[in-house]
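1. Have a look at this prediction, sequence included:
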Amino acid sequence: MIKDNQKVFNRLHVLMDVMITVVSYALAYVIKIYIIGGRSPEVGVLPVRDYFMVLLFLVPGYVILYFLCDVYGPKRTVKRRHEFFAVFQANTLGIALYIVILYVVIQEINYSRWMMFIFYMLNIFLTCLSRVVLRSMLRTIRRKGYNLKHVLVVGYSRAAEQYIDRLLWNPQWGYKIAGILDDTVPGGTLYKGIKVLGRLDNLEVILPHSELDEVAIALALKDYDNLEHVVNVCEKSGVHTKFIPDYNSVIPTRPYTEDLMGLPVINIRYVPLSNNSNKVIKRAMDVVGSVCGIVVLSPVLLLLAALVKISSPGPVIFKQERVGLHSKPFYMYKFRSMEQQSEEEEKKAWTVRDDPRVTGIGKFMRRTSLDELPQLFNILKGDMSLVGPRPERPLFVERFREEIPRYMVKHQVRPGLTGWAQVNGFRGDTSIKKRIDCDIYYIENWTIGFDIKIIFLTFFTGFVNKNAY
């Protein structure tokens with residue numbers, strides 16, 4: 001039911017966003033021509049028709065960008081500011097592409113820059129405002145008791161508690177919990193105000209004489225022998241039934257199901273980058289980003305190379321073996337920031353505070369992450385990505401795979417120059433477990449919009465590393 005509602009709201013959002021984009025564009029035109037310009041549109045450089053023909057490409061383009069930046073993704077557990085940030089990302093990317101196409105590709109220099117800026121600001125404001133209004137209306141309707149779904153929870157388990165928690169935290173979903181049935185928990189027991197009404201056998205009595213809209217089966221693993229009987233009783237009554245598996249202790253991740261010729265198969269982990277089209281999009285972004293980075297930063301790269309060469313004897317580029325996609329080793333490039341040392345000395349451990357092996361320019365480069373810039377060439381080669389989990393040395397991979405649960409999951413995607421863990425402060429000598437939690441969250445929730453967000457955050461939080469020695 002929640003999934004069906006989400007589809008309806010997504011379609012409503014798309015229609016609403018189309019209307020808002022058109023209205024924002026028209027308002028921007030009126031403001032620029034009539035209010036700021038103080039003249040009729042006929043006096044302008046471009047006729048009205050030329051301005052409004054742009055909408056034929058602008059509107060579908062913005063809808064596509066909203067999808068790519070996950071503006072239409074489920075927002076039930078997402079804070080409002082994250083939804084607003086996704087709208088900001090899509091509009092910023094949209095106006096940037098708009099400028100490039102208009103002024104570089106088409107070379108239409110007479111198009112009003114002020115109008116573009118006004119449209120950009122209006123579209124962000126009105127789109128965010130529409131989300132606020134829609135959420136407020138939905139909450140008001142639910143609060144007044146309209147369109148509520150009455151649900152009975154069958155089984156008292158960790159899954160049942162988590163399900164109840166989410167419904168109580170989100171009253172705007174419109175669910176009212178009638179109670180719980182369970183064979184092992186005494187009747188009258190309360191969980192956050194929700195009462196255990198009786199045993200599983202009471203289901204056959206309750207269903208025919210109640211106004212329940214749904215039954216949520218959340219049996220504990222040990223009670224799965226009763227699952228078939230409970231499902232049969234619910235199906236016989238005609239009530240909508242959903243199953244909430246109690247497998248968090250067995251599969252502590254974000255699984256998804258697929259249909260294998262009629263056989264439901266549960267995949268333990270959802271990895272968006274296992275999809276070929278997503279791989280192509282991300283790789284294209286990596287190639288374009290690395291080429292642009294190398295070209296733009298070439299003076300900085302040459303200057304740092306000269307400073308490294310002057311600072312101490314040895315090569316400018318330091319190559320170190322790291323573990324990458326599918327646990328395959330590769331050589332990662334960095335500007336050498338330490339005195340030249342033997343391979344055995346280099347392998348002994350990572351650097352520590354006031355490490356005497358670090359050169360003067362090396363300390364500066366490590367603090368500012370400038371020593372990582374040669375990895376733009378790793379990205380161009382395909383060993384790495386602009387965004388992803390940071391790669392580790394083979395000896396530490398062998399150690400952490402035994403010590404840290406789910407550590408090897410990070411190798412299901414290409415390692416990155418920056419990542420979700422890094423922009424959250426988990427760099428250098430910080431918690432490996434928290435770093436892996438961030439990496440897994442990124443792997444399971446990847447979108448182009450998420451990558452763009454991490455790149456933006458890297459410029460503000462990711463370069464200066466207080467944990468780098």
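-> That came through, no problem. Not measured: the values here are computed from a predicted model.
2. Low-confidence bits of the stretch 101-250 of the chain, can you list those?
-> Low-confidence segments of the stretch 101-250 of the chain (pLDDT under 70): 142-147, 249.
3. Can you list the residue ranges for strands in it?
-> Taking DSSP state E, counting those that start in this stretch, the strands of the stretch 101-250 of the chain run over residues 149-154, 175-181, 190-191, 194-198, 214-217, 240-243.
4. Save the ones you listed as a markdown table, and put in distance to residue 436 and mean neighbour count too.
-> C-beta here means a position set from N, CA and C on the backbone, and glycine is covered the same way. Putting these into a markdown table (distance: least, Cβ to Cβ, whole Å; neighbours: other Cβ atoms under 10 Å) gives the following:
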| stretch | distance to residue 436 | mean neighbour count |
| --- | --- | --- |
| strand 149-154 | 33 | 22 |
| strand 175-181 | 34 | 20 |
| strand 190-191 | 32 | 13 |
| strand 194-198 | 35 | 18 |
| strand 214-217 | 32 | 22 |
| strand 240-243 | 30 | 14 |
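5. Who are the packing partners of the one helix or strand residue 278 maps to?
-> Mapping residue 278 onto the secondary structure by DSSP states H and E places it in helix 276-296. Under the contact definition 3 or more Cβ pairs under 8 Å, 6 or more residues apart in numbering; DSSP states H and E, helix 276-296 sits against helix 375-381, strand 385-387, helix 448-457.
6. ok, back up a step: now distance to residue 369 too, for the strands of the stretch 101-250 of the chain, in JSON lines please.
-> Listed next are these as JSON lines, based on distance: least, Cβ to Cβ, whole Å:
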{"stretch": "strand 149-154", "distance to residue 369": "50"}
{"stretch": "strand 175-181", "distance to residue 369": "47"}
{"stretch": "strand 190-191", "distance to residue 369": "48"}
{"stretch": "strand 194-198", "distance to residue 369": "50"}
{"stretch": "strand 214-217", "distance to residue 369": "48"}
{"stretch": "strand 240-243", "distance to residue 369": "47"}
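7. looking at the ones you listed, which is closest to residue 395?
-> Taking Cβ to Cβ as the criterion, residue 395 comes closest to strand 240-243 out of those, the separation being 44.6 Å.
8. Sheet-wise, list the partners of the closest one with their directions.
-> strand 214-217 (parallel) (DSSP bridges).
9. Can you give the distance from the strand it pairs with to the centre of its chain?
-> 30 Å (Cα atoms, centre = their mean, to the nearest Å).
10. what residues does it touch?
-> Residues lying outside strand 214-217 but in contact with it, judged by Cβ atoms under 8 Å, 6 or more residues apart in numbering, are 1, 149-155, 160, 163, 203, 207, 227, 230-231, 234, 239-244.
11. can you give me the helices for the stretch 351-469 of the chain?
-> Assigned by DSSP state H, counting those that start in this stretch, the stretch 351-469 of the chain shows helices spanning 360-368, 375-381, 394-403, 420-423, 432-444, 448-457.
12. Show me the one of those that comes nearest residue 28.
-> Distances from residue 28 to each of the helices of the stretch 351-469 of the chain were compared by Cβ to Cβ, and the smallest falls on helix 448-457, at 24.1 Å.
13. Contacts for that closest one, please.
-> With Cβ under 8 Å, 6+ apart as the contact definition, helix 448-457 has outside contacts at 68-71, 85-86, 89-90, 93, 281-282, 285, 386-387, 418-420, 423, 442.
14. So what's the gap between that helix and the chain middle?
-> 9 Å.
15. do the same with stretch 217-232
-> When distances are taken as Cα atoms, centre = their mean, stretch 217-232 is centred 34 Å away from the chain's centroid.
16. what comes up buried for that stretch?
-> Under the neighbour-count criterion of 16 or more other Cβ atoms under 10 Å, stretch 217-232 has 217, 218, 219, 220, 223, 226, 230 buried.
17. Likewise for stretch 369-387?
-> Neighbour counts using 16+ other Cβ under 10 Å place 369-380, 383-387 of stretch 369-387 among the buried residues.
18. I'd like the distance between residue 293 and residue 417.
-> In this structure, residue 293 and residue 417 are 9 Å apart, going by Cβ to Cβ, to the nearest Å.
19. Return every residue with contacts to both of these two.
-> Shared contacts of residue 293 and residue 417, defined by Cβ under 8 Å, 6+ apart, are found at residue 376.
20. higher neighbour count, these two?
-> Neighbours were counted for residue 293 and for residue 417 using other Cβ atoms under 10 Å; residue 417 has more, 26 against 19.
21. hang on, the more buried one packs against residue 377?
-> No - Residue 417 lies out of contact with residue 377 (Cβ atoms under 8 Å); the separation is 10.8 Å.
22. Just the residues contacting stretch 218-226, thanks.
-> Surrounding stretch 218-226, the residues in contact under the criterion Cβ under 8 Å, 6+ apart are 153-160, 163, 183-184, 200, 227, 230, 244, 246-247, 250.
23. Using ChimeraX, define a selection of the buried residues within those residues.
-> Remark: buried members of these, expressed as a ChimeraX selection using 16+ other Cβ under 10 Å:
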select :153,154,155,156,157,159,160,163,200,230,244,246
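24. Skipping adjacent residues, who's closest to residue 307 in space?
-> With Cβ to Cβ, 6 or more residues apart in numbering as the measure, residue 361 is the residue that lies nearest to residue 307, at 4.8 Å, once sequence neighbours are left out.
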